[in-house]
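1. got a structure for you, letters missing:
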């Protein structure tokens, strides 16, 4: 079953002074439920733009994006925000944690927007910190981001992405700021999540990170250049 589908999606950025940048030139692809996909490409190929459109963080200039059978372009900004919070979890290269909140509070945030009661929020947030193998979770839960290593911050970010149990996890260069040992642990978590039923899409420039995925899509100049699939 296709959980996410793009049909002839184009994205053009108007830079002013009659300068237009064609980031995506008509991309069509389908992401199956419980799949693990890597999107590769050089800087400027359109891979991060593609992920932002998949995650409803931006709207396409042309084309359709269909998630769980729903065309998202017909939604208002408010509807899109609620839909995104329910269906999609995000993991970013720079972690994007809130600096004045503890690790536990950062994980709770998506559940606050979803209206989850306080006691249930805290219980689930602690459970998620354990699921992502955060070392000494009870102690680390009280720490703010600047008191955690890069690897620990990324684990907190993954726990936050899982807060509302979304079916889709989108990750943009999730290992880019991590040492080799740390990113190996993060990729292990993604593999574990995929085995548990999550649909994973990772944008990366690193072939070693892409190698963990079952399917690799390579972009060039806003188009799909190639695609390969592992039968694992």
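-> That came through, no problem. Bear in mind that the values here come from a model prediction, so they are computed numbers and not experimental data. Numbering: from 1, shown residues only.

2. Which pLDDT does the model give residue 63?
-> pLDDT for residue 63: 96.

3. for it, what are its contacts?
-> Residues near residue 63 by C-beta atoms under 8 Å, 6 or more residues apart in numbering: 6-10, 26-28. Every C-beta, even on glycine, is put in place using the N, C-alpha and C of the backbone.

4. hmm, 6 Å instead?
-> Residue 63 is in contact with 7-10, counting by C-beta atoms under 6 Å, 6 or more residues apart in numbering.

5. I'd like these laid out as TSV, including secondary structure.
-> As requested, the contacts of residue 63 are exported to TSV (DSSP: H, G, I helix; E, B strand; the rest coil):
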residue	secondary structure
7	strand
8	strand
9	strand
10	strand
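
6. from those, which would you call buried?
-> 7, 9-10 (16 or more other C-beta atoms under 10 Å).

7. Is residue 218 located within a strand, as I assumed?
-> Yes. Looking at residue 218 with three-state DSSP, it is inside a strand.

8. Could you report the neighbour count for it?
-> Residue 218 has 18 neighbours, counted by other C-beta atoms under 10 Å.

9. again, but for residue 80
-> Neighbour count for residue 80, taken as other C-beta under 10 Å: 16.

10. Provide the backbone phi and psi angles at it.
-> Torsion angles at residue 80 (phi, psi; degrees, to the nearest 10) stand at phi -60, psi -40.

11. Contacts only, for the closest residue in space to residue 61 that isn't next to it in sequence.
-> Nearest residue to residue 61 in three dimensions, chain neighbours excluded: residue 12, at 4.6 Å (C-beta to C-beta, 6 or more residues apart in numbering). Taking C-beta under 6 Å, 6+ apart, we find residue 12 in contact with 20, 22, 61.

12. any low-confidence regions in this protein?
-> 231-232 (pLDDT under 70).

13. Could I get the full set of strands for it?
-> Ranges of strands within the chain are 2-16, 19-32, 36-40, 62-67, 70-71, 88-92, 168-172, 199-203, 215-220, 223-229, based on DSSP state E.

14. now those as JSON lines including distance to residue 131?
-> Listed next are the strands of the chain as JSON lines, based on distance: least, C-beta to C-beta, whole Å:
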{"stretch": "strand 2-16", "distance to residue 131": "21"}
{"stretch": "strand 19-32", "distance to residue 131": "23"}
{"stretch": "strand 36-40", "distance to residue 131": "18"}
{"stretch": "strand 62-67", "distance to residue 131": "24"}
{"stretch": "strand 70-71", "distance to residue 131": "28"}
{"stretch": "strand 88-92", "distance to residue 131": "13"}
{"stretch": "strand 168-172", "distance to residue 131": "13"}
{"stretch": "strand 199-203", "distance to residue 131": "15"}
{"stretch": "strand 215-220", "distance to residue 131": "25"}
{"stretch": "strand 223-229", "distance to residue 131": "28"}
